[in-house]
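> Predicted model follows, preceded by the sequence.
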Amino acid sequence: MMRRPAFQTGGVRFGHGFPMSRWVKRLMIANFAIFLVMAIGIVPPAAVDWLGFAVPGFLTRPWTIVTYMFVHGGFMHVFMNMLALFFFGPPLEQKWGSRFFLRFYLVTGLGAAAFSVLLYSLTGPTIMVGASGAIFGILVAFAMNWPDAKIFLYFVFPVPAKWFVAGLGAFTLLSTVQGSADGVAHWAHLGGLVTGFVYLRFGERIGRLARSVFYKEVQPPTPRRARRPAPPPAPTPRRRRRADGDSLDEVDRILDKIRASGMDSLSERERAFLDEVSRQYQQTQGTGKKTRTH
């Protein structure tokens, strides 16, 4: 069974225990207002040709794919459509939110018009008016969300919503195939049913597929990193005149020469080498002093 919301508007509840919702009320007012304006002659009857949807004239009058949903052929036509919207619209708008509800209503109406294009070989150049395609989309959406809710057929016989809509779909399909001459655009009803079902069941997948086809993601170019200045080359250490081991060997050799022949036997190079070693030794001893802290 349906879950009813815990809130209430003005103490009045409408179809299936839900309060009147925003866009259901606006759509009902718009449809009745346009019907009244055309009925009393403010708008001439020829306006149906400019507002109704017909496949041959669609390219010259593209707005008719929307306006046809607000034009009706008589009082019972608009009354029955708005009665269905009155009962089955508020639960859906309360559950979905106004934005999604309005989008669904318009999409199913557009789907009903699209079926006129697909089945043009069966329908012929007829002018289609009325919100029945969108209303049939509302019916299938209600049955998908509350399949066991009771719908009173002829206001007397309770029928679960899922079976009611299934029977309605079968009758509509049969009437479309047989080409019923009762003046009712059964193909539009079928288009609303099919569009509503596909939109609710596969709408997200279709949307993702369409985005992947028409809006391919382009990876933004990776920004180049600012070039860092190359580090300066490490200073090349001065080559020592000799390795440490070689220096010690050279000192020992020179000292042996001094003991054997005296200082006068040293060459200028050997004297300079001894002076250099002596200076380095003195510097090392000077930097090796320990300090104390207190």
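Done, it's in.
> count of residues packed around the closest residue to residue 18 other than its chain neighbours?
Beyond its immediate neighbours in the sequence, the residue positioned closest to residue 18 (C-beta to C-beta, 6 or more residues apart in numbering) is residue 90, lying 4.0 Å away. Heads up, the C-betas are built off the backbone N, CA and C, glycines and all. In terms of burial, residue 90 registers 26 neighbours under the definition other C-beta atoms under 10 Å.
> Show me where the chain has its strands.
According to DSSP state E, the chain carries its strands in the segments 150-153, 157-160.
> What pairs with the first one, parallel or antiparallel?
It refers to strand 150-153. Its sheet considered, strand 150-153 pairs with strand 157-160 (antiparallel) by DSSP bridges.
> Show me the contact partners of the partner strand.
Residues lying outside strand 157-160 but in contact with it, judged by C-beta atoms under 8 Å, 6 or more residues apart in numbering, are 147, 148, 149, 150, 151, 152, 153, 167.
> The fourth one pairs with what?
What that stands for is residue 150. Going by DSSP bridges, residue 150 is paired in beta bridges with residue 160.
> which ones are touching it?
158, 159, 160, 161.
> Are any of those buried, and if so which?
Buried by 16 or more other C-beta atoms under 10 Å: residue 161, out of the contacts of residue 150.
> Any chance of JSON lines for the contacts of residue 150, columns distance to residue 38 and pLDDT?
Conversion of those to JSON lines gives the following (distance: C-beta to C-beta, whole Å; pLDDT from 0 to 100):
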{"residue": "158", "distance to residue 38": "37", "pLDDT": "88"}
{"residue": "159", "distance to residue 38": "34", "pLDDT": "89"}
{"residue": "160", "distance to residue 38": "38", "pLDDT": "92"}
{"residue": "161", "distance to residue 38": "33", "pLDDT": "92"}
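> Let's have the contacts of residue 150 in TSV, adding distance to residue 125.
Shown next, in TSV, are the contacts of residue 150 (distance: C-beta to C-beta, whole Å):
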residue	distance to residue 125
158	42
159	37
160	39
161	36
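> what's the closest of the contacts of residue 150 to residue 274?
Of all those, residue 161 has the smallest distance to residue 274: 113.8 Å, by C-beta to C-beta.
> Find the nearest non-adjacent residue to residue 67, please.
Leaving aside its sequence neighbours, residue 67 sits nearest to residue 51 (C-beta to C-beta, 6+ apart; 4.3 Å).
> Around that neighbour, how many other residues sit close by?
Around residue 51 sit 21 other residues, with neighbours defined as other C-beta under 10 Å.
> my guess is it meets residue 71, correct?
Yes: here residue 51 reaches residue 71: they are 4.8 Å apart, a contact under C-beta atoms under 8 Å.
> so what sits against both of these two?
Counting by C-beta under 8 Å, 6+ apart, the common neighbours of residue 51 and residue 71 are residue 129.
> related to what we said a few turns ago, neighbour-wise, which of the contacts of strand 157-160 leads?
Scoring the contacts of strand 157-160 on neighbours with other C-beta under 10 Å, the highest-scoring entry is residue 151 at 21 neighbours.
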